[in-house]
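Student: based on what follows, work out the 3D shape:
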Amino acid sequence: MNVQWYPGHMAKAKRTLEENLKLVNIVIELCDARLPYSSRNPAIDGIIGKKPRVLVFNKADLADQAQSDYWMDYYKKQGFTVVFTDAKQGDGVKKVIAAVKKAMEEKVSRSLERGRIATTLYAMVVGIPNVGKSSFVNKVAGKATAKTGDKPGVTRDKQWLNMGEDIYLLDTPGLLWPRIDNQLAALRLAASGAVKDEVVDTGELCAFLLTFIDSHYPGALEARYGITVPDASGEERDYVTETVIGAERLEKGLAILEACGKARGCLIKGGSVDLGRAAALVLDDFRAGKIGKISLDFPEVLDEEIDISIKNEEAATRKKEKQAERRQNYRSRKNAKR
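Tutor: All right, here's what the predicted structure looks like:
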């Protein structure tokens, strides 16, 4: 499975973000606390540039606290202001407002020195789809001013929201990036709901998710579904360099999915498991936190990115060498005809 996700409205969202950046003093980058690395759009760095930024990881209530602590420390060491939130309940939202004010203290101080009695701050919230942006802006504004939903791409229109304390927030559409080299990161994003289920094979997606949960959170699937996780025979292949999931992981994941479906009564005529129904059930359970507090980004994703970067560089080098070889062969043939 190769996850492709860049619909036409994403290009428009990128233009909207670029056009509105000049209207704001600071950016609130909203990400998914379960994927503190994978849910950060690399294109946003290039767009924001040196504009002040607060990094907010939402849905913290669904994430593994140990992993959240790791990523909090990781980003703070890089100089980011970091806040974890649960926007639905409002936890951490006031900390975001405080972080915005602190980040802009110097600007406000300079304005006061120039004789301005009050200084209004303008912030913009950016992020990929389905990180809880609508819930976040609703909570900071104190009322349901933006539509909310569990599908990516719900929020599309620009709207200014009064956060209080002389801070106004500009909401922007969720923005994905045109392509991703790391298909494992794509699967993590798809599992979180950042990519519409309609554009992925949910069976393979669940196979990936279930093997990950079984590996990193032993006992969680047994507790939720009352199953015995089946063993998979054979030697597991390198699922980063050879295939996205790997034949062995895919086989085991589908076996676990079948067991979950059977336990939940997702059956069709003849007693076979309806894998589509079972996959939808498992994905809904994961996204609602019913399997447990689970993070999909562990520290090893950093090594994963390095491995993929090295392989991309090697592939680019081989491509250049082949191009040079073709040019040399062309010249040789041309000279031979003279």
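Student: from here on, just use CA atoms for contacts and neighbour counts.
Tutor: Will do.
Student: please report phi then psi for residue 223.
Tutor: Main-chain dihedrals, residue 223, degrees, to the nearest 10: phi -70, psi -40.
Student: could you report the distance from it to residue 290?
Tutor: Distance, residue 223 to residue 290, using CA to CA, to the nearest Å: 10 Å.
Student: does residue 80 touch residue 56 like I think?
Tutor: No. Contact between residue 80 and residue 56 fails when scored by CA atoms under 8 Å: they sit 10.0 Å apart.
Student: those two: which is more packed in?
Tutor: residue 56 (26 against 16; other CA atoms under 10 Å).
Student: surely that one is in a helix?
Tutor: No. Assigned with DSSP: H, G, I helix; E, B strand; the rest coil, residue 56 falls outside any helix and is strand.
Student: that one contacts residue 29, correct?
Tutor: Yes. With contact defined as CA under 8 Å, residue 56 reaches residue 29; the gap is 5.9 Å.
Student: and stretch 113-133, how far out from the chain's middle?
Tutor: Offset of stretch 113-133 from its chain centre (CA atoms, centre = their mean, to the nearest Å): 22 Å.
Student: what's the answer for stretch 97-109, then?
Tutor: 27 Å.
Student: so what touches it?
Tutor: Stretch 97-109 is touched from outside by 26, 52, 53, 54, 81, 119, 163, with contacts defined as CA atoms under 8 Å, 6 or more residues apart in numbering.
Student: so which of the residues you listed belong to strands?
Tutor: In strands, defined here by DSSP state E, the members of these are 26, 53, 54, 81, 163.
Student: surely the fourth one is in contact with residue 57?
Tutor: No. Assessed by CA under 8 Å, residue 81 is found out of contact with residue 57, at 11.0 Å.
Student: between the two, tell me which one has more neighbours.
Tutor: Neighbours were counted for residue 81 and for residue 57 using other CA under 10 Å; residue 57 has more, 29 against 19.
Student: ok, that one touching residue 91?
Tutor: No. Contact status for residue 57 versus residue 91: not in contact, 11.5 Å apart, counting by CA under 8 Å.
Student: what do the two both touch?
Tutor: Counting by CA under 8 Å, 6+ apart, the residues touching both residue 57 and residue 91 are residue 85.
Student: how far does stretch 189-204 stretch from start to finish?
Tutor: 14 Å.
Student: residues of that stretch that come out buried?
Tutor: 189-197, 200, 202-204 (16 or more other CA atoms under 10 Å).
Student: ok, the residues you listed vs residue 302, which is closest?
Tutor: residue 189 (15.7 Å; CA to CA).
Student: now the strands for the chain?
Tutor: Under DSSP E, the chain gives strands at 26-32, 53-58, 81-84, 121-126, 159-164, 167-171.
Student: got the ones you listed as a markdown table, with mean pLDDT and distance to residue 332 columns?
Tutor: Shown next, in a markdown table, are the strands of the chain (pLDDT from 0 to 100; distance: least, CA to CA, whole Å):
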| stretch | mean pLDDT | distance to residue 332 |
| --- | --- | --- |
| strand 26-32 | 95 | 55 |
| strand 53-58 | 96 | 56 |
| strand 81-84 | 96 | 59 |
| strand 121-126 | 91 | 54 |
| strand 159-164 | 80 | 63 |
| strand 167-171 | 88 | 60 |
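Student: and of those strands, who's closest to residue 285?
Tutor: strand 26-32 (16.7 Å).
Student: where does the stretch 151-300 of the chain dip in pLDDT?
Tutor: 151-159, 178-179, 232-246 (pLDDT under 70).
Student: now do the helices in it.
Tutor: Listed in chain order, the helices of the stretch 151-300 of the chain (DSSP state H, counting those that start in this stretch) span 183-192, 202-216, 220-225, 247-263, 275-287, 300-337.
Student: chain center to the fifth one: distance?
Tutor: Pointing back at helix 275-287 there. 19 Å.
Student: what angle sits between it and helix 247-263?
Tutor: Put simply, helix 275-287 runs at 90 degrees to helix 247-263, going by axes from the mean of the first three to the mean of the last three CA atoms, to 10 degrees.
Student: mind saving the C-alpha coords of helix 275-287 as CSV?
Tutor: Below are the C-alpha coordinates for helix 275-287, written out as CSV (Å, rounded to 0.1, in the frame of the first residue of the first chain):
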residue,chain,number,x,y,z
LEU,A,275,-12.3,-7.5,7.5
GLY,A,276,-13.6,-4.1,6.3
ARG,A,277,-16.0,-3.9,9.3
ALA,A,278,-13.4,-5.1,11.7
ALA,A,279,-10.9,-2.6,10.4
ALA,A,280,-13.4,0.3,10.8
LEU,A,281,-14.1,-0.9,14.4
VAL,A,282,-10.5,-1.1,15.4
LEU,A,283,-9.6,2.3,13.9
ASP,A,284,-12.5,3.9,15.7
ASP,A,285,-11.5,2.3,19.0
PHE,A,286,-7.9,3.5,18.6
ARG,A,287,-8.8,7.0,17.6
